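**Q** Quick one: sequence and predicted model below, then my questions.
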Amino acid sequence: MSTDSQTSRVIVVGNEKGGSGKSTVAMHIAIGLLKAGYRVATIDLDSHQRTFTNYIENRQAWAQHIGRDLEMPDHHRFDEPVAYANADEEAAANWALTNALEPMTKLYNFVVIDTPGHRTALSRLAHSLADTLVTPLNDSFVDLDVIGTVDAATLGVTGASHYGDMVRDARRERESRDGVMPDWVVVRNRLSMLQSRNKRAVAEGLQTLSQMLDFRTTDGLAERLIFREFYPRGLTALDTLDAQVLGTRPTLSHATARLEVDNLLKALRLVSQTEAEPVAQDSRNAA
């Protein structure tokens, strides 16, 4: 997909490990951009879990239940087989995603793509089409292993791991094809508030890998019950903090979660990097 015809930014939320908070981050990015006045389309490539799709459907159902308008992206879901019978089938699936994405980049300011927690052909393709790649990562060596290899004795990073290698190749492919080097941001989720040897070692490992693989790091979302409570109603920390919308009285946890999300969105630098101006919402982005 050439940047000559592209008018929007493609944001891919990816990590080849489940449980890192990809769908939660993707949802908050999409709603944050909608609330800023931008047109937003969303794509769910995880045909097995469908967490992103379920999140948005929960939001639609809750908006109808409380009789309130809640911002909605134009959502699309792609079902991908567990395995392709042959290379032609894989090529056809890649073509279908590229063909669907092309008009979206003309209709919307942003397209947010949530990928599965394992490698698939469509996920690999999406990474090579990203303008911004966001990788949520739990702050532990278990998750760090997805990006880099670690020496057991020293806890020092010894090289890139399978996902780090895949992203490096996908970014080089995008640069070679379109002259664009995607901005890669690793988001440290579930950060402990307490200093520890493990936390410092993970931070040092990420610093080493950031220089090796050319990505930025930023703090993400803490381990808060409130983020799990948002999901059944399709809500985010950015929604209006009133009892009708939330279904409960707002608490300090709601305000703290909103501050975390605001800081994350600023750190991603999405709005400042796009040339598109906010546009009036229409039926595609309304409840």
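**A** That came in fine, so what should we check first? This one's a predicted model, so the numbers in the text were calculated from it and none came from an experiment. Numbering: from 1, shown residues only.

**Q** residues touching the closest residue in space to Leu213 that isn't next to it in sequence, list them.
**A** Leaving out its chain neighbours, the residue that sits closest to Leu213 by CB to CB, 6 or more residues apart in numbering is Gly164, at 5.4 Å. C-betas here are computed from N, CA, C, even on glycine. The contact partners of Gly164, taken as CB atoms under 8 Å, 6 or more residues apart in numbering, are Val146, Ile147, Gly148, Leu209, Leu213.

**Q** Surely the third one is in contact with Gly156?
**A** No. The pair Gly148 and Gly156 does not pass the contact test of CB atoms under 8 Å, sitting 9.9 Å apart.

**Q** isn't Gly32 right up against Glu260?
**A** No. Taking contacts as CB under 8 Å, Gly32 lies outside contact range of Glu260: 11.9 Å.

**Q** Which residue of the two possesses the greater neighbour count?
**A** More neighbours surround Gly32 than the other of Gly32 and Glu260, with 23 against 18 (other CB atoms under 10 Å).

**Q** Got the phi and psi for the more buried one?
**A** As for Gly32, its main-chain torsions (degrees, to the nearest 10) stand at phi -60, psi -40.

**Q** Leaving out chain neighbours, which residue sits closest to it?
**A** Leu265 (4.8 Å).

**Q** how far does the helix or strand harbouring that neighbour sit from the chain's center?
**A** Per DSSP states H and E: Leu265 is located in helix 252-268. Relative to the mean C-alpha coordinate of its chain, helix 252-268 is positioned 15 Å out (CA atoms, centre = their mean, to the nearest Å).

**Q** Mind checking the pLDDT average for that helix?
**A** Helix 252-268 shows a mean pLDDT of 93 in the predicted model.

**Q** now for it, which elements pack on it?
**A** When contacts are defined as 3 or more CB pairs under 8 Å, 6 or more residues apart in numbering; DSSP states H and E, helix 252-268 sits against helix 22-35, strand 183-189, strand 216-219, helix 225-230.

**Q** can I get these in TSV with distance to Trp62 and mean pLDDT?
**A** As requested, those are exported to TSV (distance: least, CB to CB, whole Å; pLDDT from 0 to 100):
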stretch	distance to Trp62	mean pLDDT
helix 22-35	13	96
strand 183-189	24	94
strand 216-219	29	93
helix 225-230	10	90
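
**Q** Looking at those, which one is packed in the most?
**A** Comparing the helices and strands packed on helix 252-268 by mean neighbour count (mean count of other CB atoms under 10 Å), helix 22-35 ranks first with a mean of 25.

**Q** Not counting residues beside it along the chain, what's closest to Thr7?
**A** Spatial nearest neighbour of Thr7, excluding adjacent residues (CB to CB, 6+ apart): Lys106 at 5.6 Å.

**Q** if we can go back for a sec, which members of the contacts of Gly164 are the farthest-apart pair?
**A** In terms of CB to CB, those reach their longest pairwise distance at Val146 and Leu213, which sit 12.0 Å apart.

**Q** Point to the residue nearest the middle of the protein.
**A** The structure's the chain has its C-alpha centroid closest to Val13; by CA atoms, centre = their mean the separation is 2.7 Å.

**Q** quick revisit: need the helices and strands packed on helix 252-268 in CSV with distance to Leu122, can you?
**A** Formatted as CSV, the entries for the helices and strands packed on helix 252-268 read as follows, by distance: least, CB to CB, whole Å:
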stretch, distance to Leu122
helix 22-35, 15
strand 183-189, 19
strand 216-219, 25
helix 225-230, 27
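
**Q** quick one: terminal-to-terminal distance for stretch 244-260?
**A** 23 Å (CA to CA, to the nearest Å).

**Q** So which residues make contact with it?
**A** Outside stretch 244-260, the residues within contact range by CB under 8 Å, 6+ apart are 62, 66, 68, 70, 219-222, 224-227, 233, 235, 237-239, 241-243.
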